[in-house]
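Asker: Let me see the structure of the following:
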Amino acid sequence: MIYTTGTIAISGNTLTGTGTNFTAAGSLIRNGCTVIALTSPAQVFQITAIGGATSLTVTPAANPAIPAGTKYAILLSDSLSVDGLAQDIAETFTMYQRYMSGFADVMNGTTDVTITINGVPVTVPGQKSLAKKGANSDITSLSGLTNRAQYQPGRYRCKECC
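Answerer: You can find the predicted model right below:
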């Protein structure tokens, strides 16, 4: 797998992206990944630190500097090695854990809940807060329904007595 979103510039050990999101959930970009600047000739670097969505520290230093607007590729998958596979699995589980934690917050929330999805904060009402809209903190009526619920005699019976 490779990451090629946006373009880059490299001056010394600092890689600056334009239109990039190096910290996106599930991107698998991490220290140790290989960056290939598609220059002539191509230059190859290793990520040593992730500074943010548009900033990486790489080694070795670019020589010569790589101009803004340069296309590039980050090699994301080192799954052929045990270490690379373990890193991929750990990062994927971390992403799922964040998503499930946000889902649990929404389901158990008694007020508005803000969760982050792919780096974007979203505020939604907690499910437990919805019942408080009616009298006595309970749902007392439904309105605006377009289909009537229909009762069919004999279809719904308890097994013990009916």
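Asker: Can you check the pLDDT for Tyr96?
Answerer: Among the per-residue scores, Tyr96 shows a pLDDT of 79.
Asker: The helix or strand hosting it - contacts with which helices or strands?
Answerer: According to DSSP states H and E, Tyr96 maps onto helix 82-108. Here helix 82-108 touches strand 112-117, helix 127-130, going by 3 or more Cβ pairs under 8 Å, 6 or more residues apart in numbering; DSSP states H and E. For glycine as for every other residue, the C-beta is placed from the backbone atoms N, C-alpha and C.
Asker: any chance of those in a markdown table, with distance to Ser40, mean pLDDT and mean neighbour count too?
Answerer: Formatted as a markdown table, the helices and strands packed on helix 82-108 follow (distance: least, Cβ to Cβ, whole Å; pLDDT from 0 to 100; neighbours: other Cβ atoms under 10 Å):
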| stretch | distance to Ser40 | mean pLDDT | mean neighbour count |
| --- | --- | --- | --- |
| strand 112-117 | 39 | 82 | 14 |
| helix 127-130 | 56 | 77 | 14 |
